[in-house]
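J.: what follows is a protein structure lacking sequence information:
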């Protein structure tokens, strides 16, 4: 099982955001390298994103929110959302995104 998972909720509709593309990157001395990618399922979730064990460091999730809002025929302010966070242990990291066309929020889930 992957050490990182995510889910996206469309707070304007009050439903899971289906089909949101997500890339998962790790910061290195040479820049960012991709360690995983996927798209949210019917529940708005990606339960396994990247490897089972991560090295400590800085990581980011990039959500293709513009593509999602284009597919739902709604204008949106943010064409993508990047969430950068630190991995420092072996516990599971759940990083959700609460999304609307003109705002977003996040938190560390469980």
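T.: Yes, it's here. For clarity, every value in this text was computed on a predicted model and none was experimentally measured. Numbering: from 1, shown residues only.
J.: which ones are touching residue 94?
T.: 4, 5, 6, 7, 108, 109, 110 (CB atoms under 8 Å, 6 or more residues apart in numbering). To be clear about C-beta, it is placed using only N, CA and C from the backbone, and glycine gets the same treatment.
J.: meant to ask about residue 99
T.: Taking CB under 8 Å, 6+ apart, one finds 8, 9, 10, 11, 17, 63, 65, 68, 81 in contact with residue 99.
J.: who wins on neighbours among those?
T.: Within the contacts of residue 99, residue 8 tops the neighbour count with 26 neighbours, counted by other CB atoms under 10 Å.
J.: what helix or strand is the closest residue to residue 60 other than its chain neighbours located in?
T.: Nearest residue to residue 60 in three dimensions, chain neighbours excluded: residue 84, at 4.3 Å (CB to CB, 6 or more residues apart in numbering). Secondary-structure assignment from DSSP states H and E places residue 84 in strand 81-87.
J.: against residue 18, how distant is residue 26?
T.: To residue 18, residue 26 is 27 Å away according to CB to CB, to the nearest Å.
J.: residue 54 now?
T.: Residue 54 sits 27 Å away from residue 18, going by CB to CB.
J.: these two: which has the busier surroundings?
T.: Ranked by neighbour count (other CB under 10 Å), residue 54 and residue 18 place residue 54 first, with 20 against 17.
J.: which of the three states applies to that one?
T.: Recorded secondary structure, residue 54: coil (DSSP: H, G, I helix; E, B strand; the rest coil).
J.: list phi and psi for it.
T.: With angles defined as degrees, to the nearest 10, residue 54 sits at phi -110, psi 150.
J.: surely it and residue 27 touch.
T.: No. Between residue 54 and residue 27 there is no contact under CB atoms under 8 Å: 11.9 Å.
J.: now do the shared contacts for the two.
T.: Going by CB under 8 Å, 6+ apart, no residue sits against residue 54 while also sitting against residue 27.
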